[in-house]
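Enquirer: let me see the structure of the following:
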Amino acid sequence: MTKSGYVAILGLPNAGKSTLMNTLLGQKLSIVTPKPQTTRKRILGILSSENYQVIFLDTPGIIKPEYLLQKKMMEAVNDSLKDADIVILIVDVSYDPGKQNIIKNEFINNNLLKITKPLLLVLNKVDLSEQEKVKSLIVKYESLKKFKKVIPISALLNFNIEDVLNTIIELLPEGPKYYPDDIVAEENERFFVSEIVREKIFELYKEEIPYSTEVVVSDFKEREANKDYILAEIIVEKESQKGIIIGKQGAAIKNLGFEARKAIEDFLQKEVYLELRVKVKSKWRSDEKQLKSFGYIKPKD
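Expert: Prediction:
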């Protein structure tokens with residue numbers, strides 16, 4: 001008899017959700033940047049062994065939505081919570097407690113802490129915090145009697161990750177596997193290429209630019225005689241943002257293309273020719289039609 005199930009990873013922005021999933025999988029699927037709200041869609045990663053299969057759901061950070069895109073991001077969080085067999089709440093312990101009191105967070109208090117599903121609390125980035133502070137947080141959260149286990153970790157340094165995985169396996173329901181063992185992700189290569197370009201935009205551009213940007217891979221040709229051809233369209237909301245993306249004499253977009261191409265080749269394990277184009281779609285983050293075309297709104301059955 002095998003064990004299998006869905007494990008949703010939830011938390012506030014920048015808590016380390018994507019890093020935790022990548023570390024548990026042993027490979028990078030979700031993009032990671034120091035900026036909050038990097039993850040916008042639910043990303044599924046599959047870890048298979050002979051006796052178990054864990055389907056991780058990496059989710060956007062828990063926020064109070066201010067516009068339609070953010071509402072759809074929170075819908076992805078809610079959907080993951082509903083679909084999950086096990087839920088992980090991840091907390092960044094390096095934050096000042098006054099800035100991040102998870103018990104006072106409305107969504108966490110009204111939704112997460114009231115579920116009947118197994119709930120794990122993972123205290124991340126313990127390498128950046130004093131040991132006594134971590135110990136006091138463990139005592140504090142264990143006293144709530146809400147969590148199956150409170151586990152201190154460093155997702156980036158792979159510290160205590162085995163404890164997280166063993167606890168998940170222990171709590172997994174018995175049942176057949178959902179996916180073949182050689183499948184590690186549900187999304188196609190186009191999706192991951194667009195995410196890599198978006199990751200590099202988050203890394204290379206400042207202020208509002210990354211948050212106003214979407215990336216769509218509009219062409220992906222596999223060519224035997226030449227490098228694979230990829231055309232990625234960078235969507236922005238204003239003409240001024242288009243100018244910033246391109247940069248003086250095209251220097252900024254050239255650098256973006258160079259960094260993105262290197263990361264894409266590393267991901268695909270083959271050489272590619274990457275072409276980037278910039279398009280303006282006014283207020284796309286609040287436009288239902290645009291969000292539907294970008295995959296944030298799923299068609300109704």
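
Enquirer: please count neighbours and contacts with C-alpha atoms only from this point.
Expert: Will do.

Enquirer: which residues of this structure fall in strands?
Expert: 3-11, 43-48, 52-58, 86-92, 119-124, 149-152, 214-221, 228-236, 272-280 (DSSP state E).

Enquirer: using TSV, lay out the ones you listed together with distance to Val193.
Expert: Output for those, formatted as TSV (distance: least, C-alpha to C-alpha, whole Å):
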stretch	distance to Val193
strand 3-11	23
strand 43-48	14
strand 52-58	17
strand 86-92	27
strand 119-124	28
strand 149-152	33
strand 214-221	7
strand 228-236	9
strand 272-280	10
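
Enquirer: right, and those - which one's nearest Glu132?
Expert: Closest to Glu132 of the strands of the chain is strand 149-152 (C-alpha to C-alpha; 12.3 Å).

Enquirer: same question for that closest one, mean pLDDT?
Expert: Averaged over strand 149-152, pLDDT sits at 97.

Enquirer: what's the answer for stretch 29-48, then?
Expert: For stretch 29-48, the per-residue pLDDT averages 95.

Enquirer: just how off-centre is it within its chain?
Expert: 2 Å (C-alpha atoms, centre = their mean, to the nearest Å).

Enquirer: give me the contacts around it.
Expert: Here stretch 29-48 makes contact (C-alpha atoms under 8 Å, 6 or more residues apart in numbering) with 13-14, 18-19, 21-22, 25, 53-61, 73, 76-77, 80, 181-187, 192, 195-196, 199, 202-203, 296.

Enquirer: follow-up on the earlier one: in a markdown table: the strands of the chain, plus distance to Lys35 and mean neighbour count.
Expert: Formatted as a markdown table, the strands of the chain follow (distance: least, C-alpha to C-alpha, whole Å; neighbours: other C-alpha atoms under 10 Å):
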| stretch | distance to Lys35 | mean neighbour count |
| --- | --- | --- |
| strand 3-11 | 15 | 25 |
| strand 43-48 | 18 | 22 |
| strand 52-58 | 16 | 25 |
| strand 86-92 | 14 | 24 |
| strand 119-124 | 17 | 24 |
| strand 149-152 | 23 | 20 |
| strand 214-221 | 16 | 17 |
| strand 228-236 | 18 | 20 |
| strand 272-280 | 22 | 17 |
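
Enquirer: where in the stretch 101-250 of the chain is pLDDT low?
Expert: Within the stretch 101-250 of the chain, the segments meeting pLDDT under 70 span 101, 103.

Enquirer: swap in 80 and give it another go.
Expert: For the stretch 101-250 of the chain, the stretches with pLDDT under 80 are 101-104.

Enquirer: helices of that one, start to end?
Expert: Along the stretch 101-250 of the chain, counting by DSSP state H, counting those that start in this stretch, helices occupy 106-110, 131-142, 161-171, 189-204, 239-246.

Enquirer: what comes up buried for the first one?
Expert: When you say that, I think you mean helix 106-110. Phe107, Ile108 (16 or more other C-alpha atoms under 10 Å).

Enquirer: stretch 130-143 too?
Expert: Val134, Leu137, Ile138, Tyr141.

Enquirer: next: stretch 143-160.
Expert: Lys146, Phe147, Lys149, Val150, Ile151, Pro152, Ile153, Ser154, Ala155, Phe159.

Enquirer: tabulate those residues (CSV), appending distance to Leu165.
Expert: Converted to CSV, the buried residues of stretch 143-160 look like this (distance: C-alpha to C-alpha, whole Å):
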residue, distance to Leu165
Lys146, 19
Phe147, 16
Lys149, 12
Val150, 13
Ile151, 11
Pro152, 13
Ile153, 12
Ser154, 14
Ala155, 12
Phe159, 12
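
Enquirer: grab the longest helix from the protein for me.
Expert: helix 251-268 (DSSP state H).

Enquirer: sorry, back to before: wait, which of the buried residues of stretch 143-160 is closest to Tyr211?
Expert: Ala155 (24.9 Å).

Enquirer: who's in contact with the closest residue to Gln53 other than its chain neighbours?
Expert: Nearest non-adjacent residue to Gln53, counting by C-alpha to C-alpha, 6 or more residues apart in numbering: Ser4, 4.6 Å away. By C-alpha under 8 Å, 6+ apart, the contact set of Ser4 is Tyr52, Gln53, Val54, Ile55, Leu172, Pro173, Glu174, Gly175, Pro176, Lys177, Tyr178.
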